[in-house]
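Undergrad: Any chance you could fold what I've pasted below:
(one chain, ligands or ions: 1)
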Amino acid sequence: MNATRHGYARSVAGQILVTGGTGYIGSHTVVALLEDGHDVVIVDDLSNSSERAVDAITSITGRRPVFVRADVCDAERLDAVFAAGPVDAVLHFAARKSVAESVRDPDGYERVNVGGLRTLVDTMQRHDVHRLVFSSSCTVYGEPDHVPVDEDAPLRAVNPYGETKLAGERLLGDVAAGGGWSVVLLRYFNPIGAHPSGAIGEDPHGIPDNLVPYVMQVAAGRLAHLSVYGGDYPTRDGTCIRDYLHVVDLAEGHLAALDALDRLGPGCRAFNLGTGVGTTVLEVVAAAERAVGHPIPHRVVGRRPGDAAAVWADPARAEAELGWRARRDIDTMCADHWRWQSSHPEGFTG
Ligand code: UD1
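TA: Numbers count the residues shown, from 1 in each chain. Predicted structure coming up:
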């Protein structure tokens, strides 16, 4: 067994299957895995990402992951990947993630996010692979009663996207209750930033829904101004508070979860991955302005329906049981995000 950067003995050594590995969080995690000595096979249908991410990952790490273009709902293709294996563990990122889109297409979200997970689990079962790290979201807490929110807070979905994440968590809880499986559910708060090389980053198609990609496109002159949704929340400056988390910290959280799978033993466990620090929308804008070096046009407008006033994580469980904590601050997040955005104004397609 090798010692890892987290100080724990590594319990998984071998090929890791990363579904959604060319996407935003997946690609950063693949970099972390390769740098940590793992062999990686990516399965991605490229529906919301680019194969150029594979080249960028290779240029950062000097190692090329195996790439298979396939949909996680395609049981035959998935089966072939496991048959070519061996696969030691799976990190499952492949999913759709836009709240607004999920309201327009709840069945599509159910098919990919829940159906795809079910297909993956069945395939893992057939191939005797029982270690899984699942991409969940703080959306499973809905509007929390208390902040910071810990993992024992009540779970509730407030939109179809959230319903699919909750359904995924429940499905995996049932699978693990059957015995023999080690599952970690990672509840991400608000991932932003990019690899410090600027070679990979978030590549949203169309006009972004999320705050930081939008702010950065305003900074780049592609969008005219930012609408700040609501200036009358009961917070220090009237704008909403979120727990923004550097995507490289998040990637390292997956390594810590992978290392923990066997050490924690069979079962299904949830961990918040956040910084524990809340930042307002106007504080994000100020940090982005420091990163880009010029003012970013913005104006306060009405609230966005469905937004909670303040959500941030209690990340204590991840620190105690995974040996992980976020290390990068909001200025680093914005500087790294801007490096990616300014060097790839059109994302991977530019
Ligand atoms: C959203 C999703 C959440 C998902 C997460 C992914 C909703 C209700 N929630 O979280 O399920 O897991 O993205 O990161 O959509 N804002 C503006 N102007 C903008 C965009 C956003 O002021 O143009 C504000 C929002 O009101 C919010 C904050 O910025 O207060 C963050 O918004 P966003 O990046 O969309 O994330 P969440 O809403 O926290």
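Undergrad: Check which helix or strand the nearest residue to Ala32 once chain neighbours are set aside maps to.
TA: In space, Ala32 comes closest to Ala251 once its chain neighbours are excluded; the distance is 4.1 Å by C-beta to C-beta, 6 or more residues apart in numbering. Just so you know, the C-beta spots here come from the backbone N, C-alpha and C atoms, and that holds for glycine as well. If you go by DSSP states H and E, Ala251 is part of helix 247-264.
Undergrad: The helix or strand following that helix and the ligand in contact?
TA: Remark: after helix 247-264, the chain's next helix or strand is strand 267-273, criterion DSSP H and E. No - for strand 267-273 and the ligand, the contact criterion (C-beta under 6 Å from any ligand atom) is not met; the two come no nearer than 11.9 Å.
Undergrad: for the helix or strand that strand 267-273 is followed by, packing partners?
TA: Next in sequence after strand 267-273, counting helices and strands by DSSP H and E, comes strand 279-280. Contact analysis of strand 279-280 by 3 or more C-beta pairs under 8 Å, 6 or more residues apart in numbering; DSSP states H and E lists strand 241-242 as its packing neighbours.
Undergrad: The strand it packs on and the ligand in contact?
TA: Yes - with C-beta under 6 Å from any ligand atom as the criterion, the ligand is reached by strand 241-242 at Arg242.
Undergrad: I'd like to know which elements that strand is packed against.
TA: strand 279-280.
Undergrad: Now do the contacts for Gly306.
TA: 99, 158-159 (C-beta atoms under 8 Å, 6 or more residues apart in numbering).
Undergrad: From these, pick the one nearest Val212.
TA: For these, the minimum distance to Val212 (C-beta to C-beta) is 15.7 Å, reached by Val99.
Undergrad: Buried residues in the one helix or strand Ile25 maps to, which are they?
TA: Taking DSSP H and E as the criterion, Ile25 maps to helix 24-35. For helix 24-35, a neighbour-count test (16 or more other C-beta atoms under 10 Å) marks 24-34 as buried.
Undergrad: Which of those sits closest to Ser59?
TA: Val31 (10.3 Å).
Undergrad: How many residues are close by Thr139?
TA: Applying other C-beta atoms under 10 Å, we find 23 residues neighbouring Thr139.
Undergrad: Nearest residue to it in space, ignoring adjacent ones along the chain?
TA: Gly162 (4.2 Å).
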